Structure formats: structure tokens, C-alpha cells
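[1] Please work out how this folds:
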Amino acid sequence: MGKVISDPKSAGLERVDMKVWTAVFVVFSFVCSGGFGIEDMVSGAGPGFALLVLLILPFVWGLPQALVCAELGSALPEDGGLYRWSRRANGEFMGFQTGWWWMLSIVVDSAVFIALTSDYMQNWFGFNDWVRWGIAVVLIAILASINIRGLQLAAWVLVIMQILVVIPFAALAVIGIAHWHHNPFSPILLSGNSLIGGVGVALSVGIWMYSGFESFSTMAGEIKRPQYVIPRALMITLPIVLCFYVLSTMGGLAGVGQFSRWATKGSTALDFMGVGREVGGQVLRYLFFAAMLAGNFALFLAFLAAGARPAFVLSRDKLFPTFLGKTHTKYGTPHAAIILMAGVDCLLVGWGFATLIVIDVFLLLLAHITIFISAVRLRVKEPELKRPFKVPVGTVGLALISAVPICVAIAAMFGNGRDDLIGGTIAALTGPPAYFIFKKIYGGKQALAAEATAMTRPAVD
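    Got it, this is the predicted structure:
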């Protein structure tokens, strides 16, 4: 096969020939990877309202996001994804801001997945905080090693993990609906809870549940025929995720009820593991525990891969430290960027995440807003740009489609209170000084796609 080129002045990324069904599992890992977290929507807003949010939000948030990302991913199938889209549409400065906001968000997000897994394991087995941190570091090292070895191995691991995730949730949907004892839509809202209060509780969780469609495109340059694979994977995954969330939640509520106890924390909380026990006994409870571990591992594995790519491409564009633009001589992956992100996560998993999660969501929503703006601006600036997948509406129609999720994002950003808004704004404002500092040190330039002459591996399936 030969070695992959590692000279930073030339391309060094290796391509894989990924089939669409494999890509669906990868996108499912980014967007869903289990319904854990829905419990808080149910108890915080009401079972009926939670189900309505899960049913409606895909059409005002998930579908527009998937459509726009499919168009941009097919038109500009380069590593770095949303950073390159925003740079092409809005210029170098805003491209950097988009990449910066998204990377900060993903670094925190990925650390949270491992921290939550360690917390579950600590609660289950009762070991101390140092053992918890040590386990988290070992898990990060293993998953980083898989990423360094390339998308071929990572894709197969994600397929296996998502099969483990789907099994208990599918069983809950089937068994719960078959033993229907409660109306899952009643009550719509909790007693004494207003519609606005219900929206505030459910919207942020629901947005998080239907986000991640942009992530797969950050690795587009390492996939053969991304213009074909990415749009199809996005369009197939969205209805799968919708059915996954709605049917499993409906099954749990119909079979168990007790909506006021649904939560992820608390001595009397009924999380999906507890719901599984009520519906299918200890066997289903253990399957949900395995799904929780596999789902969080998959999320970390996927987001570590995605989060490292913008840093790699920013380095190639001379807007980030140069060492982050190196590729592995054997595997053809951006190993330096992967190792750096994994190292930061090792530090973050030892800390509390209440404030960081707020910053994470705020920055992620800012990045999503720029994605929609970029799609519309590119329609205006480059109407002749080849778009193998094109949202079947004109530029005005695309602007209208984008306006709805932008409004949803703004409502979520401003709906969590003053302290959260201030914290998120401060985090966002680190972007401009970071740009000017790195621009001053490294110079910046418009680079060719880093994957332009990348080598090709055999199909992963």
C-alpha cells in the first residue's frame, strides 16, 4: 500500500471507500447514540410535551440542518467541513470564528461523554474519584488510538457500538407498546407548568438530541465519493433518529408511566435503565447499561475524530500551530490534532461540567447559525458552484428554510437565563483575539484542500 505523504506542504490524508449504510451508523453516532437525556424532558416539561417536541423539532431544526449540511457537504467535500464552508462564504475571519466556536464546543462535549460514563461506572461499582479519573484517562487513550488508526477501524467500531445501543431501545419500544397501560401523551404539561416553561425545559435538550448533522462532513476529505455518501447518509439517518426517540420514549411511558420520576439523577429517579427493568426485568436493565456505555464511547470516538479535523485544516491554512497539521506516516490521520484534543479531555474529565455544558451549547448554536448563513450566502455569491445535492428550492426558499432553525437557536441561546448568556458570550468572544494572535504568528493563507492527493484504502464493508 505504501506510506501516506506526511509533508505538511502536501496532502497527507488517506481516504476510505465507505458504503452508505456504514456512513448511516457514523451519522447516527453523531446525532443520536441513544436516547439518554430524554428522561429529563419528560419530568421537566411533561410526557405529552416531550413527545411533541421529539416529533416537531426534527422538522424545524433537524431537517433544515440535514438539508443544508448535505448541500454544503456535497459542494465543498473537504476536511474541516463547516470551517471551510464558512470561510468560503464569509471570509477568513468568520471561517475561523466558526471553526473556533465549534471546536471549543466539541472538546467540552466529548469530555462530558467520558465523564458521564465514568460517573455511571462509579455509581455502579463504588470506586473512588482517583480510580474514576484513571478509568476515564484509559478510555480516552484507547478511543484516541482507534481514531489514529483511521476511519476504517473507527467506522467498524461505531457500527458495533450502535448495534448495542439500538437493541435495548428497540426492545423497550416493542415490549412497552405491546403492554400499553398508560397514555404516553397525558398530561401534555405538568400541573402548574406553563407552556413557556415547558418550552424552556424541553427545547435545549431536544436541540441537543437532533444536532450533529454537520459533524460527518468535517471528515469528508477522507471519504471516497463524499458528494454521494454524505447527503444520502444524512437523509436516511434523520427519520431513523426520529423513530428511535419517539417509539422508545412512547414505549417506556406506555408500559411504565410514572412520568414524574423520569430523570437522569436522583435517588428516586427513573432513568432508561430503571424503565428497562420495569418493562423487561434485570436483563433489559443490563442491556441498557451496556447501551449507555457503548453510546457514550461511540459519541466520544466520533466527536474526537470530527473535532480534530478543523484544527488540522486550520493548521494547514496557517491559522493554528503548525504541528497540528501533521499526518501519521503509517495511517494517514491527523494524529497530532487527535492527541492534543484527547489530552485536553483527560484534564476536563476531572472537573464539574455544569458551566461548561452551558458554554458548549451556546457555542454550538452559534456555529450552527453560521452554517445556515453560509449556505444562503454561497447561493448568492457562487450560484454556479457545483452542488451534487441541492436543496430543491431557490435562494429565497433556502433563506426561509434557514430562518426557522436560526430563530430556534436564538431562542435557545437567550432562554437559559442571564448568567448562562453572559458565560456563553464570554466564551464566544475568545474567538476574535485568538484569530488575530494566530494570524500574527503564522500568517494565514488560503490553502488547497489538504486531502487533494490523498491515497485510497479498500472499502470498509
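[2] From now on I want contacts and neighbour counts done on CA atoms only, so please keep to that.
    Fine.
[3] mind checking the longest helix of the chain?
    Longest helix in the chain by number of residues (criterion: DSSP state H): helix 272-316.
[4] Show me what the mean pLDDT comes to for the helix or strand hosting residue 207.
    Assigned by DSSP states H and E, residue 207 falls within helix 195-209. Mean pLDDT, helix 195-209: 70.
[5] repeat for stretch 39-57
    88.
[6] neighbouring contacts of that stretch?
    Stretch 39-57 has contacts (Cα atoms under 8 Å, 6 or more residues apart in numbering) with 38, 184-190, 193, 197-199, 201-203, 205-207, 210, 242, 245-246, 249-250, 253, 259-264, 270-272.
[7] do that again at 7 Å, thanks
    Stretch 39-57 is contacted from outside by 184-190, 198, 201-202, 205-206, 242, 245-246, 259-264, 271, using Cα atoms under 7 Å, 6 or more residues apart in numbering.
[8] Out of these, name the ones that lie in strands.
    Per DSSP state E, strands hold no members of those.
[9] can you list the weak-confidence ranges in the stretch 1-150 of the chain?
    1-12, 123 (pLDDT under 70).
[10] Do a quick rundown of the helices in it.
    20-31, 38-45, 47-57, 63-75, 82-90, 92-125, 129-148 (DSSP state H, counting those that start in this stretch).
[11] quick check: angle from the shortest one to helix 272-316?
    Between the direction of helix 38-45 and that of helix 272-316, the angle (axes from the mean of the first three to the mean of the last three Cα atoms, to 10 degrees) works out to 110 degrees.
[12] Centre of the chain to helix 38-45, how far?
    21 Å (Cα atoms, centre = their mean, to the nearest Å).
[13] ok, now the longest one?
    The chain centroid and the centroid of helix 92-125 are separated by 9 Å, computed with Cα atoms, centre = their mean.
[14] buried set for it?
    Using 16 or more other Cα atoms under 10 Å as the test for burial, helix 92-125 gives 92, 94-122.
[15] Does residue 95 touch residue 81 like I think?
    No: here residue 95 does not reach residue 81: they are 10.5 Å apart, not a contact under Cα atoms under 7 Å.
[16] about what we covered before: heading C-terminal from the longest helix of the chain, find the next helix or strand.
    Downstream of helix 272-316, the first helix or strand assigned by DSSP H and E is helix 335-348.
[17] Okay, buried residues for the following helix or strand past that following helix please.
    Toward the C-terminus, helix 335-348 is succeeded by helix 354-381 as the next helix or strand (DSSP H and E). By 16+ other Cα under 10 Å, the buried positions in helix 354-381 come out as 356-379.
[18] what residues does stretch 212-224 touch?
    Stretch 212-224 is contacted from outside by 13-18, 27, 30-31, 65-66, 69, 73, 77-82, 226, 234, 306, 309-310, 451, using Cα under 7 Å, 6+ apart.
[19] next one: it to chain centre, how far?
    Relative to the centre of its chain, stretch 212-224 is centred 12 Å away, using Cα atoms, centre = their mean.
[20] Buried residues of it, list them for me.
    For stretch 212-224, burial by neighbour count (16+ other Cα under 10 Å) applies to 212-224.
[21] Could you export these as TSV, including pLDDT and distance to residue 128?
    TSV is the format used below for the buried residues of stretch 212-224 (pLDDT from 0 to 100; distance: Cα to Cα, whole Å):
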residue	pLDDT	distance to residue 128
212	91	33
213	93	37
214	93	38
215	93	35
216	93	36
217	93	39
218	93	37
219	92	38
220	91	41
221	88	43
222	91	41
223	91	42
224	90	46
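[22] from the residues you listed, which single one is nearest residue 424?
    residue 212 (19.3 Å; Cα to Cα).
[23] Distance of that closest one relative to residue 251?
    25 Å (Cα to Cα, to the nearest Å).
[24] Residue 371: what's it in contact with?
    Neighbours of residue 371 in contact, by Cα under 7 Å, 6+ apart: 82, 86.
[25] Report pLDDT for it.
    You'll see residue 371 listed with a pLDDT of 97.
[26] Same check on residue 325?
    Turning to residue 325, the model gives it a pLDDT of 90.
[27] For it, the count of nearby residues, please.
    Residue 325 has 27 neighbours, counted by other Cα atoms under 10 Å.
[28] That one against residue 319, yeah?
    No: at 10.4 Å, residue 325 does not count as touching residue 319 under the criterion of Cα under 7 Å.
[29] Residue nearest the middle of the protein, spatially speaking?
    Most central in the chain under Cα atoms, centre = their mean is residue 212, positioned 3.5 Å from the mean C-alpha point.
[30] Over to that one. Which of the three states is it?
    Following DSSP: H, G, I helix; E, B strand; the rest coil, the label given to residue 212 is coil.
[31] hmm, what's the outermost residue in the chain?
    residue 181 (34.7 Å).
[32] That one and residue 37, how far apart?
    Counting by Cα to Cα, the gap from residue 181 to residue 37 is 23 Å.
[33] cool, and residue 65?
    For residue 65, the distance to residue 37 equals 21 Å [Cα to Cα].
[34] in stretch 409-426, what's buried?
    409, 412, 413, 415, 420, 421, 424, 425.
[35] What is the nearest of these to residue 86?
    Nearest to residue 86 among these: residue 409, at 17.6 Å, using Cα to Cα.
[36] was I right about that closest one contacting residue 365?
    Yes: between residue 409 and residue 365 there is a contact under Cα under 7 Å: 5.8 Å.
[37] from memory residue 316 sits against residue 325, does it?
    Yes: using Cα under 7 Å, residue 316 is in contact with residue 325, at 5.5 Å.
[38] Tell me, how many residues neighbour residue 177?
    Neighbourhood size, residue 177 [other Cα under 10 Å]: 21.
[39] Could you report the pLDDT at it?
    Value for residue 177, per-residue pLDDT: 94.
[40] do the same with residue 313
    The model's pLDDT for residue 313 equals 94.
[41] gap between it and residue 420?
    Distance from residue 313 to residue 420, by Cα to Cα: 31 Å.
[42] before we move on, what about residue 239?
    For residue 239 relative to residue 420 (Cα to Cα), the value is 32 Å.
[43] What of residue 220?
    From residue 220 to residue 420 the distance is 34 Å (Cα to Cα).
[44] Next, give phi and psi for residue 384.
    phi -90, psi 0 (degrees, to the nearest 10).
[45] quick one, what contacts it?
    Residues near residue 384 by Cα under 7 Å, 6+ apart: none.
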